[in-house]
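Enquirer: Predicted model and sequence below, questions to follow.
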Protein chains: 2
Amino acid sequence: MNTETSISTEEAILMAARKVFELKGFDGARMQEISDRARINRALLHYYFRTKEKMFERIFDEALERFMPLLSTWDQDLEECWEWKLKRFIITFITFLKTNSMLFLLREIIRKPELLASKTKKYRKGLNKFVLYFDRLKQERLIRSDVDSRYIYVIIHSLCSFPLMNGIVFSYSLRISPKEYDELMTGYPEIISDLLIQSLKYQKTEKSINENE
Amino acid sequence: MNTETSISTEEAILMAARKVFELKGFDGARMQEISDRARINRALLHYYFRTKEKMFERIFDEALERFMPLLSTWDQDLEECWEWKLKRFIITFITFLKTNSMLFLLREIIRKPELLASKTKKYRKGLNKFVLYFDRLKQERLIRSDVDSRYIYVIIHSLCSFPLMNGIVFSYSLRISPKEYDELMTGYPEIISDLLIQSLKYQKTEKSINENE
DNA sequence: TTTACTTTTAACAGAATTGTTAAAATACTA
DNA sequence: TAGTATTTTAACAATTCTGTTAAAAGTAAA
């Protein structure tokens, strides 16, 4: 009964399922593989979770439940320096993504859009907090960028998510091992924080890009 | 025999397979669904492509074959203005990604890393052209950024890929329809071109971010 | 028209997978 | 220790899916 770690059987199953679903996706996952990984009997999976579908939904919903709040952690408080807010967000987001596969969510949503659509009501309010916040920053002239806040949203999330999600391909492209890539990425949050802050701070001045020096 | 459009049966099958594999992944794809979509008989799939595995590999390899050259289109010619080069790359890359799902490649590589690993030799040379190019730009003082060229690589690719790959989730988060999201994204290449060029041009000056105004 | 190639039909074998069940074994708790 | 809950074992039903086959129908071209 997992005496050493005192992990309940249900927890052990969920951990295994999470891993297998993340790696193989719903369609590629096998109940046998999950039970093997959890070091329990396959029949026990059904004893706890009835069907594969139900087990998957539990995993998916929990992942979504952890993920969605990250999309709306932008309180409208203009007192706190936005640069710090942004930096904090980037670090939180990247830390989260290291342990929770965003690719998993995306893949399953594309397979079955209802997975997200059915949760519309639950998460919709609060979702555009980010856009509102940056709109206000611009209104109040606290940042000088004139870029549509929705682009800023897309840019920040892309910079945070993709490097982790696409690690395999990036490490291949850069011709370094996955381990080396991980090490490289420790400096990454700092880099993009600076990049974003700088480009939000200063309004684009000259549109011409003709001179090389 | 597809007289109107003069598409060969093989081509029709490949188109259908591409679509189904992109949507469902290898494990979720059904031979029946592919043949239905191609408006031919299921037995005919096997007549042309023997097995599902072989058909998939054909699709995957073709996708990779179209994709990989995009990663290494950085000739070392320093005469041409790098800003133009970068802008051209961004537009080419985004245009490509609109029709060719990068998510498809990524998902299948994670499912079965050998898919990429086995192609090592074929694509490796030329892969770090980008990094070399930006290293030279820095050496020659043509750009003033002091950021590791590998970060620049990751940043550019993330900004190009993720907004297209994650369209469903972004349109959900921004509370606009997928159609409206697509429209919004027409202005996107311009935005990130400017952002990147600006931040590469000007070296980060002040590290302090204490003042709000 | 003959010949070769393409496509459909329909049926089937084999394998893999999910989910069920019942009985036995084990562990936990009062 | 007795009783309860958990876990294993092993077998099985039902389904789904892939891949095969053989025969017939259709098409194109010589």
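Expert: Cool, the structure landed.

Enquirer: C-alpha from now on. contacts and neighbour counts both.
Expert: OK.

Enquirer: The helix with the most length in chain A and DNA strand D in contact?
Expert: For chain A, the helix with the greatest residue count under DSSP state H is helix A:9-28. Yes - against DNA strand D, helix A:9-28 shows contacts by Cα under 7 Å from any atom of the strand at residue A:9.

Enquirer: how about that helix: buried residues?
Expert: Buried residues in helix A:9-28, counted by 16 or more other Cα atoms under 10 Å in any protein chain shown: A:9, A:12-14, A:16-26, A:28.

Enquirer: Least confident of those residues?
Expert: Ranked by pLDDT, those bottom out at residue A:9 (90).

Enquirer: Those residues of chain A touching DNA strand C, which are they?
Expert: Neighbours of DNA strand C within chain A, by Cα under 7 Å from any atom of the strand: A:1, A:3, A:29-32, A:43, A:46, A:50-53.

Enquirer: If we use 6 Å, what do you get?
Expert: A:1, A:29-32, A:43, A:46, A:50-53 (Cα under 6 Å from any atom of the strand).

Enquirer: Now which of the residues you listed would you call buried?
Expert: Counted by 16+ other Cα under 10 Å, the residues of chain A next to DNA strand C give A:29-31, A:52 as buried.

Enquirer: Keeping just the C-alphas, turn the longest helix of chain A into PDB.
Expert: Extracted as PDB, the C-alpha positions of helix A:9-28 are listed here (Å, rounded to 0.1, in the frame of the first residue of the first chain):
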ATOM      1  CA  THR A   9      -3.700   4.100  -4.700                       C
ATOM      2  CA  GLU A  10      -5.900   6.500  -6.400                       C
ATOM      3  CA  GLU A  11      -3.200   9.100  -6.400                       C
ATOM      4  CA  ALA A  12      -0.700   6.600  -7.800                       C
ATOM      5  CA  ILE A  13      -3.200   5.800 -10.600                       C
ATOM      6  CA  LEU A  14      -3.800   9.400 -11.400                       C
ATOM      7  CA  MET A  15       0.000  10.100 -11.500                       C
ATOM      8  CA  ALA A  16       0.500   7.300 -13.900                       C
ATOM      9  CA  ALA A  17      -2.500   8.200 -16.000                       C
ATOM     10  CA  ARG A  18      -1.300  11.800 -16.200                       C
ATOM     11  CA  LYS A  19       2.000  10.700 -17.500                       C
ATOM     12  CA  VAL A  20       0.700   8.300 -20.000                       C
ATOM     13  CA  PHE A  21      -2.000  10.600 -21.300                       C
ATOM     14  CA  GLU A  22       0.500  13.400 -21.700                       C
ATOM     15  CA  LEU A  23       3.000  11.200 -23.600                       C
ATOM     16  CA  LYS A  24       0.500   9.300 -25.800                       C
ATOM     17  CA  GLY A  25      -2.600  11.200 -25.900                       C
ATOM     18  CA  PHE A  26      -6.100   9.800 -25.200                       C
ATOM     19  CA  ASP A  27      -6.100   7.600 -28.300                       C
ATOM     20  CA  GLY A  28      -2.600   6.300 -27.800                       C
END
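
Enquirer: Give the next helix or strand downstream of it.
Expert: Note on helix A:9-28: by DSSP states H and E, the next helix or strand toward the C-terminus is helix A:31-37.

Enquirer: Now tell me what touches that next one from outside.
Expert: By Cα atoms under 8 Å, 6 or more residues apart in numbering or on different chains, the residues outside helix A:31-37 that reach it are A:13, A:16-17, A:20, A:41-42, A:45, A:52.

Enquirer: quick one: which of these is nearest to DNA strand C?
Expert: The closest of the contacts of helix A:31-37 to DNA strand C turns out to be residue A:52 (Cα to the nearest atom of the strand; 3.6 Å).

Enquirer: Now do the same contact list for that closest one.
Expert: By Cα under 8 Å, 6+ apart, residue A:52 lies in contact with A:31, A:46.

Enquirer: rerun that using 7 Å as the cut-off
Expert: By Cα atoms under 7 Å, 6 or more residues apart in numbering or on different chains, the contact set of residue A:52 is empty.

Enquirer: In the helix or strand bottoming out on mean pLDDT in chain A, which residues are buried?
Expert: Every helix and strand of chain A was ranked by mean pLDDT, DSSP states H and E. The lowest is helix A:120-124, at a mean of 84. Using 16+ other Cα under 10 Å as the test for burial, helix A:120-124 gives residue A:123.

Enquirer: Dump the buried ones among the residues of chain A next to DNA strand C to a markdown table, plus distance to DNA strand D and pLDDT.
Expert: Formatted as a markdown table, those follow (distance: Cα to the nearest atom of the strand, whole Å; pLDDT from 0 to 100):
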| residue | distance to DNA strand D | pLDDT |
| --- | --- | --- |
| A:29 | 14 | 98 |
| A:30 | 14 | 98 |
| A:31 | 12 | 97 |
| A:52 | 14 | 97 |
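
Enquirer: is stretch A:159-175 up against chain B anywhere?
Expert: Yes - legend: contact between stretch A:159-175 and chain B by Cα under 7 Å from any Cα of the partner chain is shown at A:159, A:162-163, A:173-174.

Enquirer: Work out for me the element residue A:198 sits within.
Expert: Residue A:198 belongs to helix A:188-201 when assigned by DSSP H and E.

Enquirer: Export only the CA atoms of that helix, formatted as PDB.
Expert: C-alpha atoms of helix A:188-201 as PDB (Å, rounded to 0.1, in the frame of the first residue of the first chain):
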ATOM      1  CA  TYR A 188      15.300  32.400 -20.600                       C
ATOM      2  CA  PRO A 189      12.700  34.100 -18.400                       C
ATOM      3  CA  GLU A 190      15.200  36.900 -17.700                       C
ATOM      4  CA  ILE A 191      15.800  37.400 -21.400                       C
ATOM      5  CA  ILE A 192      12.200  37.600 -22.400                       C
ATOM      6  CA  SER A 193      11.300  39.800 -19.400                       C
ATOM      7  CA  ASP A 194      13.800  42.300 -20.500                       C
ATOM      8  CA  LEU A 195      12.800  42.100 -24.100                       C
ATOM      9  CA  LEU A 196       9.200  42.600 -23.400                       C
ATOM     10  CA  ILE A 197       9.600  45.300 -20.900                       C
ATOM     11  CA  GLN A 198      11.900  47.200 -23.200                       C
ATOM     12  CA  SER A 199       9.600  47.000 -26.200                       C
ATOM     13  CA  LEU A 200       6.600  48.000 -24.200                       C
ATOM     14  CA  LYS A 201       8.300  50.900 -22.600                       C
END
